[in-house]
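>>> Just need the structure, nothing else, for what follows:
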Amino acid sequence: ARRLLDHVRSKGESAASVVLQYVQQRQESGSSLEQKKQVLTKEFVKYQKKLNISVSAQSRFLSTYGGTSHMPLDDIYTEVQLELPNNSAEIYKSMGFEDIVGPVGTVNEDADTVLVSGEAGSGKSTWLQKLHLLWAQGSALQDFLLLFPFSCRRLNSEHKDLSVQELLFQHCCWPDREQEEIFQFILDHPHLVLFTFDGLDELKQSFVDEHRICCPSQRAPVHVLLFNLIQGSLMKGVRKVVTSRPEAVAPALKKHLHKEVHLKGFSPSGIDCFVKKHHSDPNEAAMVLESLQANTALLGLCHSPVLCWIVSQCHKELLGCGEGSPQTVTDVYLMILQHFFQHHSTFKLSIGVSWLQQNLGTILHLGQLAFEGISNFSYIFSVADLEICGVTESDICMGFLIQSKNMSPAHIKYYEFHHVTMQCFFAAIYVILSSNTGRSAIPKLFELQEMKKNSVGCACFGACLHSSNTQKILEEHSTTAETPNLQITATFVSGLLSQRYQKLWLHCSSSVLVEKKARQAARCLSKGMQQHFRSIPQPVQGEKKSMHAMPEFVWLIKCIYEMQESRIAKDAMSKLEVDHLKLTYCNIGPVECTALAYVLKHLKNPVGLQLDNNSVGDVGVEQLLPCMQICNSLYLRNNNITDEGIRKLIDKVFNLENFQKIALFNNRLTDACTLHFSYLLKTKQNFLSLRLGNNNITAVGAKQLAEGLKFNHSLQYLGLWGNKIGDEGAEALANALQNSKSIVWFSLVGNGVGSAGACALSNIIRNSTSLEELWLTENCITRTGVESLIQALKHNDHVKSVWLKNNDLSSEEVEEMQQTEARLVF
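Numbers count the residues shown, from 1 in each chain. From the prediction side, this is the model:
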């Protein structure tokens, strides 16, 4: 192609024009033919059918934790929350499978890759499995004639160099005949083909944008092929859908994305739906849901589909535990462990022997397998791997290991833990119970941040393993999956070493050894927190001292919560001296809110807590309530909060002396929330700032707010931009604020306010002795309204500016009025 273009260029403009005209004709004629079924050859149709059957077979059933029985995916699948990034105008738009590959949320038209990111256990793999099944059933994504599904976990096992053709046909579906013809169709019609890659974070190699391949017939290591497919060097035009944990998505990858979608797990209604699907008995489902509603910490955990599955599976244990119901992630995983040992064990429990002691052999076998797998980034195990760790057939039958699908020849078996978090849990148990992990295992687990700074390989268990091959493996591979999986393991270690589980380990390990490891973990957590506190910069003169926490800080907070040791939480918070704690873009959901409240409530002095651009939601708001007494301001922009969350929040904070400011920009609030804020304004006479921009508040809500404002004598900042208040609402607010001696800043930007509203607002300017700024940009105010504002400004020298950009004024009117009153900003 390049030679042809050079040749044409040498012939001049007329030749170039002829070539462009020819290309355009080919494109137009090609597009009209591409959708016609008669262009599909007999062999292609046969292959399409074979691929469809293969994808359907892989997707139809969802394995249960038992590993032996199967449940149809259609019977249990529950919709998860899919959101566009927080800076998108369509952040809360409901997204279906077609929207994933559609135009909604597009950030780069030239890119082909859609990233669906979510935390471990948020339901990424099951969601992708449902996408595959809908395509195979003909229910969705029918613009794509071919769909090729890949698992990055399984691609790790491919050690040969492959071409794209070999990758597609060997790892997905082999054509019986005419391989070249079918592959040529794929090359000629890339927009009719969809690739999916599940679990990019589990790929052993980190994404790099260096080794470029453009030729689909060129052989290369699988990870190199994958990176070139994602960035578009290979198979340009083929749509690719990739799932990954957020930590694995580096800036080098993000620049190649068509769009990014965040998967946030179950909504409250999703939890309800899932539990009802999981339990065929409606009474049983009702009791489980009632138990969850009574335990908000557990309800918060159930936003993670994998934890919701465990809780539903262990419903009998859950309903029978009363006040001792699970509070932490560790509690939930111990519950599933006990559940399966008690239900799958072939022998009766001996008198005086605990279930853990009875099954200690199996736990240590699986623990060693999990530990060594986490250490060398392995999630799929051969029979030989199992034998090395002593895993027997009876251990497999317990249900924690399942047979991997589509791994090489049918007669060779491979196994994997049902979920990566389950592997992390068994690895954590092994760290605690085994004397073979070495003295440095626990300290190294908690040294991730320091290791990053020193550019040390994150294979933190290398020195703890006795295998001579381990260090070689660790040196060869660098992965982004390692850090989050090690952090999950460390979180479980923290929970398992808490005081409440000390008796569990009796007769299973030396109590002296376990206590020593518990002290080690506590010291590591304290050291990690100190490391973050030392990074706090000194405040600029005149500003508050603030700490912008990194995601690792949230992880350490979760570890402290898992330990359930208030002494450690108090010690950590006694050394934190800041006025403002910023935790934006930290993937904070209800689980993290529970942990934050547990630790932050021990702060000595009140702080401003900023949680903008997370996934707090209503349940998260409820989980934060125990630490509200130390909050003087709360920022929850972009957090999917509804009126119900606000109701619970106001019920808690209206009588807290310290609480003075709240910001809730871009949530899902309606007029109903204004009743609660009106009550807050009436009763709390030291409240300073209320910002409710970009929600769904109308004139009705504005009138309700006005009722509270009439009795409030402290509010300084009121932000209502981006709502639907209109003239009627503006008039009500103006009437309530016209004699205010406290209001300093007031915004009604983008509210459909016209001249009638502007005339009413001019009364605030005329009468208020405190107002400094009034924001009215992006409205529909005409000359009449502006003239009323000008007249009011003549009576008030205290007002600094009235912002009027983008209203219904001509350029001549703008120039004239700006000359008349310099404080008008257009």
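>>> what separates the spatially most central residue of the chain from Gly105, distance-wise?
Nearest to the mean C-alpha position of the chain, by CA atoms, centre = their mean, lies Gly118 at 4.1 Å. Summarising the geometry, the distance separating Gly118 from Gly105, computed by CB to CB, to the nearest Å, is 16 Å. In short, each C-beta sits where N, CA and C put it, glycine included.
>>> For the residue nearest to the centre of the chain, give me its contacts.
Residues counted as contacts of Gly118 (CB atoms under 8 Å, 6 or more residues apart in numbering) are Lys124, Thr243, Arg245, Pro246, His262, Leu263, Lys264, Gly265.
>>> tell me the least confident of these?
Within the contacts of Gly118, Pro246 has the lowest pLDDT, namely 84.
>>> if you skip the residues just before and after it, what's nearest to it?
Closest residue in space to Pro246, ignoring its immediate chain neighbours: Ser117 at 4.8 Å, by CB to CB, 6 or more residues apart in numbering.
>>> try Phe148
Cys172 is the one closest to Phe148 (CB to CB, 6+ apart), at 4.6 Å.
>>> after the helix or strand of the chain with the lowest mean pLDDT, next one along is what?
Sorted by mean pLDDT, DSSP states H and E, the helices and strands of the chain end with helix 470-476, the least confident at a mean of 37. Once the chain leaves helix 470-476, the next helix or strand it forms, by DSSP states H and E, is helix 482-496.
>>> Do you have the helices of the stretch 151-300 of the chain handy? List them.
Using DSSP state H, counting those that start in this stretch, the helices found in the stretch 151-300 of the chain span residues 152-155, 164-171, 179-188, 222-231, 251-254, 268-278, 282-294, 296-301.
>>> Ok, which of those comes nearest Leu733?
Each of those was scored for nearness to Leu733 using CB to CB, and the closest is helix 268-278 (32.4 Å).
>>> And the average pLDDT for that closest one is what?
Averaging pLDDT residue by residue across helix 268-278 gives 89.
>>> Of all the residues in it, which ones are buried?
Of the residues in helix 268-278, those with enough neighbours to count as buried (16 or more other CB atoms under 10 Å) are Pro268, Gly270, Ile271, Asp272, Phe274, Val275, Lys276, His278.
>>> Kindly report the same for stretch 602-616.
Residues of stretch 602-616 classed as buried by neighbour count (16+ other CB under 10 Å): 602-603, 606-616.
>>> That stretch: end-to-end distance?
The first and last residues of stretch 602-616 sit 21 Å apart, counting by CA to CA, to the nearest Å.
>>> Can you show me the helices along the stretch 301-450 of the chain?
Taking DSSP H, counting those that start in this stretch to define them, one finds helices in the stretch 301-450 of the chain at 305-313, 315-320, 329-344, 355-358, 360-375, 383-388, 393-396, 420-433, 441-445, 448-453.
>>> Let's have the ones you listed in TSV, adding distance to Gln623 and mean pLDDT.
Supplementary listing: the helices of the stretch 301-450 of the chain in TSV, determined by distance: least, CB to CB, whole Å; pLDDT from 0 to 100:
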stretch	distance to Gln623	mean pLDDT
helix 305-313	15	85
helix 315-320	19	70
helix 329-344	14	85
helix 355-358	30	82
helix 360-375	29	92
helix 383-388	40	92
helix 393-396	37	88
helix 420-433	20	92
helix 441-445	26	85
helix 448-453	25	47
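>>> Can you tell me which of these is packed in deepest?
Mean neighbour count, computed with mean count of other CB atoms under 10 Å, is highest for helix 420-433 among those, reaching a mean of 26.
>>> coming back round to it: ok, of the contacts of Gly118, which one's closest to Leu789?
Checking the contacts of Gly118 against Leu789 with CB to CB, the nearest one is His262 at 42.3 Å.
>>> my guess is the closest one contacts Ser117, does it?
Yes - under the criterion of CB atoms under 8 Å, His262 makes contact with Ser117 at 5.8 Å.
>>> Name the residues contacting each of the two.
With contacts taken as CB under 8 Å, 6+ apart, not a single residue reaches both His262 and Ser117.
>>> any idea how far Cys673 lies from Leu131?
Separation of Cys673 from Leu131 (CB to CB) stands at 35 Å.
>>> which residues touch Val786?
Contacts for Val786 (CB under 8 Å, 6+ apart) come out as Ala758, Leu804, Asn807, Leu809, Glu813, Met817, Leu824.
>>> Filter these down to the buried ones.
Among the contacts of Val786, those buried by neighbour count (16+ other CB under 10 Å) are Ala758, Leu804, Asn807, Leu809, Glu813, Met817, Leu824.
>>> Which residue, neighbours along the chain excluded, lies closest to the third one?
When the adjacent residues along the chain are set aside, Asn807 lies closest to Ile781, with 4.3 Å between them (CB to CB, 6+ apart).
>>> what about the one you found, which SS state?
Classification of Ile781 using DSSP: H, G, I helix; E, B strand; the rest coil returns coil.
>>> State the number of residues packed around it.
By other CB atoms under 10 Å, the residues close to Ile781 number 25.
>>> cool, and Ser10?
Each residue near Ser10 was counted by other CB under 10 Å, and the total is 8.
>>> Over to the one 3 residues further on?
For Glu13, the number of neighbouring residues by other CB under 10 Å comes to 8.
>>> swap in Ala286?
Ala286 sits with 13 neighbouring residues when counted by other CB under 10 Å.
>>> Over to Gln205?
Other residues near Gln205 number 19, with proximity taken as other CB under 10 Å.
>>> Then Asn686?
Burial of Asn686 is recorded as 11 neighbouring residues (other CB under 10 Å).
>>> Go ahead and confirm it touches Glu657.
Yes - look at Asn686 against Glu657 with CB under 8 Å: they come within range, at 7.3 Å.
>>> Tell me where the stretch 501-650 of the chain has strands.
Defined through DSSP state E, counting those that start in this stretch, the strands belonging to the stretch 501-650 of the chain, from first to last, are 546-548, 580-582, 607-610, 631-635.
>>> Just send these back as TSV, with mean pLDDT and distance to His315 too.
Shown next, in TSV, are the strands of the stretch 501-650 of the chain (pLDDT from 0 to 100; distance: least, CB to CB, whole Å):
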stretch	mean pLDDT	distance to His315
strand 546-548	84	42
strand 580-582	92	38
strand 607-610	94	35
strand 631-635	96	35
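>>> Turn these into TSV, columns for distance to Gln137.
Output for the strands of the stretch 501-650 of the chain, formatted as TSV (distance: least, CB to CB, whole Å):
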stretch	distance to Gln137
strand 546-548	47
strand 580-582	46
strand 607-610	45
strand 631-635	45
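>>> Figure out which of those strands is closest to Ala702.
Taking CB to CB as the measure, the strands of the stretch 501-650 of the chain were each checked against Ala702, and strand 631-635 came out nearest at 22.4 Å.
>>> contact partners of the closest one?
606-612, 628, 653, 656, 658-663, 689.
>>> rerun at 6 Å
Contacts of strand 631-635 with the rest of the structure, by CB atoms under 6 Å, 6 or more residues apart in numbering, involve Pro606, Gly608, Leu609, Gln610, Asp612, Asn658, Phe659, Gln660, Lys661, Ile662, Ala663.
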